[in-house]
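Visitor: model this:
(one chain, ligands or ions: 1)
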Amino acid sequence: MKTIVVGAGGGGISSAILARKRGHEVCLIEAHENLGGCASWFKRGSFIFDAGATTLSGLKSQQPLGKLFSLMGKKPSVYPQDPGIVFHLSSGKKISYYQDFEKWMFELEKAFPSLNHRPFWKKVYKINDEAWGLLSKLSNFPFQKPEDFLGVFKLIPHTHLLPYLFISTDLMLKRYGLEHPEYLELINGILLISAQAHADQLPFLIGALGLAYPQDTYVPVGGMKGLMDFFESSCTESGIEIIKKTKISNISKHKLSSTSGEEFYGDEIILNVDHWNLPNLFEGPDKVRINQKLDEKKEAWGAFTLYFGCRSQIAELYQQIHLNHPDVKNYFISFSHPEDISRAPAGFQAVTISTHTQARDWFEMDKETYQANKKRIQNLILKDCLERFQLEDIKFLTAGTPRSFERFTHRRYGFVGGLPFLFGMNPWKLEGHMTPWKHIHKIGDTTFPGQGLVGVVAGALSLDAELKKEL
Ligand SMILES: Cc1cc2nc3c(=O)[nH]c(=O)nc-3n(C[C@H](O)[C@H](O)[C@H](O)COP(=O)(O)OP(=O)(O)OC[C@H]3O[C@@H](n4cnc5c(N)ncnc54)[C@H](O)[C@@H]3O)c2cc1C
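Guide: Numbering: from 1, shown residues only. Got it, this is the predicted structure:
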């Protein structure tokens, strides 16, 4: 069996590793010169910047990355990060999300002394642990049909989780007496980066996974370059062929053609290509067939990013700053580990900042407006973080917009972060991994209803389980 995987983002890399584990000959084809997609990197002088993703989570044994590394029999070097994320609310309150439950509760009690946090957060962690347990047993998630969904009822210890698919996270907050507007600002800040939506949009089952996310945060040694180097050498050692700078432009039955005219054949094809670009890979009746499976109206967020090197020694590497400004509601700042001199010279740190933005707007602006908007947002964020963290000696300042993401990751309109699983979505009508063809499958953060590396690795594991079932 030969498997061709198109796209070496987190989803494609893990699918290639899993296909090799199934005994297949595997070829991983990537358009860019580096692996990683939204979790890739770039170099400027002696600084290595994470391009998009900066944090790693889900490393525990029952969680997706933990499982993948255990199947690989090796893991990348990481620095644990505690607090996982520090939040700066618009009122000026600083709240550190610690791993230890008591320390986290102390932070919340200090910031919101009149509220009773414990019962809600105990519930969050309970649902989070159980949801990972459930996901690890489901081999047909995302569900394609009502029978798949009803299959959960066979997993008796987990059936009590199902109602949480139909209760929104903000309703749960109300039930626990946590309706405070500033509390909601914190909750929405956490959910926006972990689940790409706010409390009123997310079912509590997903909300709990998102709220627990910062509890278990790591920084790869070497940043995303370190992680991608680890994956690349592991793939090569296990016999996976990696072909870079090759963009697949057409698929017809088992044949894939690249923009430069090369041809590849796969008994099995796994597409780590975003939702909106998939139809462009097919022609004629095939295009119609794949289109019937997709809902192109779905949109994701875009990202505005800022990168620079600076003289600093910040120990709390991940921080979310709430500005409540009409242009920038909040931004997420990531510093390279002060000891990681592979990413920045001693005494300096490499910084990546990102904020959510409406992706399409950046494509509808004329050149002048585009440049003016880019400068305005860059200056707004830069001014705030220079003052807040007293950063000095700024080097290689670069900004990125959804247009940059489209150019470097090939994702249409620079839609990133994945398609969130929103309240009211039909759990048995998710698109899932399947396509109209038995030998073609899709993965990635626009397929698995969860975002981030943890979500795309979870998606690759569930496709693998599904393919093993078919054997
Ligand atoms: C600013 C930002 C910050 C983020 N922060 C975090 C974070 O801290 N932690 C976290 O876990 N997640 C984070 N995420 C989300 C995370 O990066 C993504 O959800 C995840 O990396 C997506 O992986 P993927 O495999 O689905 O797709 P992608 O990463 O988009 O990978 C797809 C790959 O396929 C290639 N490709 C596409 N089309 C073709 C083709 N036709 N031929 C060949 N190759 C092709 C692309 O070049 C790309 O490399 C962040 C995302 C962004 C944008």
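Visitor: residue ranges with poor pLDDT in the stretch 301-450 of the chain?
Guide: Residues of the stretch 301-450 of the chain meeting the criterion pLDDT under 70: 428-429, 449-450.
Visitor: who in it is up against the ligand?
Guide: For the stretch 301-450 of the chain, the contact set with the ligand under CB under 6 Å from any ligand atom comprises 303, 305, 354, 409, 410, 411, 416, 417, 418, 444, 445. For the C-beta atoms, the positions are set from N, CA and C on the backbone; glycine is no exception.
Visitor: sort out which one of those lies nearest residue 17 for me.
Guide: Lowest distance from residue 17 to those (CB to CB) belongs to residue 444, with 15.0 Å.
Visitor: any chance you could map the helices in the chain?
Guide: Assigned by DSSP state H, the helices in the chain fall at 10-21, 64-72, 101-111, 118-137, 146-150, 169-175, 181-195, 204-212, 223-237, 284-293, 361-364, 367-389, 402-409, 452-470.
Visitor: just send those helices back as TSV, with mean neighbour count and distance to residue 257 too.
Guide: Output for these, formatted as TSV (neighbours: other CB atoms under 10 Å; distance: least, CB to CB, whole Å):
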stretch	mean neighbour count	distance to residue 257
helix 10-21	27	18
helix 64-72	20	30
helix 101-111	15	52
helix 118-137	17	36
helix 146-150	14	34
helix 169-175	19	45
helix 181-195	20	37
helix 204-212	26	38
helix 223-237	20	23
helix 284-293	13	13
helix 361-364	15	27
helix 367-389	14	33
helix 402-409	20	21
helix 452-470	22	24
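Visitor: mean pLDDT lowest for which of the ones you listed?
Guide: If you rank the helices of the chain by mean pLDDT, helix 146-150 sits at the bottom with a mean of 70.
Visitor: what about the nearest residue to residue 1 once chain neighbours are set aside, how many neighbours?
Guide: Among residues not flanking residue 1 along the chain, residue 24 sits closest, at 4.4 Å (CB to CB, 6 or more residues apart in numbering). A count of neighbours around residue 24, defined by other CB atoms under 10 Å, yields 19.
Visitor: just the one 4 residues further on next, same as before
Guide: By other CB under 10 Å, the residues close to residue 28 number 28.
Visitor: nearest residue to residue 109 other than its sequence neighbours?
Guide: residue 117 (6.6 Å).
Visitor: OK, contacts around that neighbour?
Guide: 105, 108, 109, 178 (CB atoms under 8 Å, 6 or more residues apart in numbering).
Visitor: list the contacts for the second one?
Guide: When contacts are counted by CB under 8 Å, 6+ apart, residue 108 is found next to 95, 115, 117, 121.
Visitor: separation between the nearest residue to residue 397 once chain neighbours are set aside and the ligand?
Guide: Distances taken as CB to CB, 6+ apart place residue 308 nearest to residue 397, at 4.4 Å, with adjacent residues excluded. Residue 308 sits 15 Å away from the ligand, going by CB to the nearest ligand atom, to the nearest Å.
Visitor: same question, residue 40
Guide: If you go by CB to the nearest ligand atom, the gap between residue 40 and the ligand works out to 7 Å.
Visitor: need the per-residue pLDDT for that residue.
Guide: Here the pLDDT value assigned to residue 40 is 98.
Visitor: number of residues surrounding it?
Guide: Residues near residue 40, counting by other CB under 10 Å: 24.
Visitor: which ones are touching it?
Guide: Contacts of residue 40 by CB under 8 Å, 6+ apart are 32, 34, 51, 52, 224, 228, 408, 409.
Visitor: now residue 418
Guide: So residue 418 contacts 196, 300, 444, 445, 446, 448, 449, 450, 451, 452, 455, 456 (CB under 8 Å, 6+ apart).
Visitor: which one of those residues is nearest residue 261?
Guide: For the contacts of residue 418, the nearest to residue 261 is residue 444 (25.7 Å; CB to CB).
Visitor: neighbours of the nearest residue to residue 79 once chain neighbours are set aside, how many?
Guide: Nearest non-adjacent residue to residue 79, counting by CB to CB, 6+ apart: residue 219, 4.7 Å away. Using other CB under 10 Å, the number of residues around residue 219 comes to 26.
Visitor: pretty sure residue 219 contacts residue 81?
Guide: Yes - using CB atoms under 8 Å, residue 219 is in contact with residue 81, at 5.5 Å.
Visitor: okay, and the common contacts of those two?
Guide: With CB under 8 Å, 6+ apart, residue 219 and residue 81 have common neighbours 55, 317.
Visitor: give me the neighbour count for residue 396.
Guide: 15.
Visitor: now do it against residue 200, distance only.
Guide: As judged by CB to CB, to the nearest Å, residue 396 and residue 200 stand 40 Å apart.
Visitor: okay, domains of this structure per the record?
Guide: Using automatic domain parsing, the domain parsing of the chain gives 2-33+244-298+419-470, 101-215, 301-414.
Visitor: rebuild the ones you listed as CSV, extending it with distance to residue 63.
Guide: Listed next are the domains of the chain as CSV, based on distance: least, CB to CB, whole Å:
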stretch, distance to residue 63
domain 2-33+244-298+419-470, 7
domain 101-215, 6
domain 301-414, 19
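Visitor: out of those, flag the one nearest residue 46.
Guide: domain 301-414 (5.3 Å).
Visitor: okay, how far is it across that closest one, tip to tip?
Guide: In domain 301-414, first residue to last residue: 8 Å (CA to CA, to the nearest Å).
Visitor: quick thing: my sequence starts at 43, can you match it?
Guide: New numbering, starting at 43: the last item is domain 343-456.
Visitor: what's around residue 287, how many residues?
Guide: So residue 287, with other CB under 10 Å, has 12 neighbours.
Visitor: so the residue nearest to residue 439 bridges to which residues?
Guide: In this entry, residue 350 is beta-bridged to residue 393, by DSSP bridges.
Visitor: mind listing what it touches?
Guide: 393, 436, 437, 438, 439, 440.
Visitor: any of the residues you listed buried? List them.
Guide: 393, 437 (16 or more other CB atoms under 10 Å).
Visitor: and stretch 466-486, how far out from the chain middle?
Guide: The chain centroid and the centroid of stretch 466-486 are separated by 18 Å under CA atoms, centre = their mean, to the nearest Å.
Visitor: report the buried residues of it.
Guide: So for stretch 466-486, counting by 16+ other CB under 10 Å, buried means 469, 472, 473, 474, 475, 476, 477, 482, 483, 484, 485, 486.
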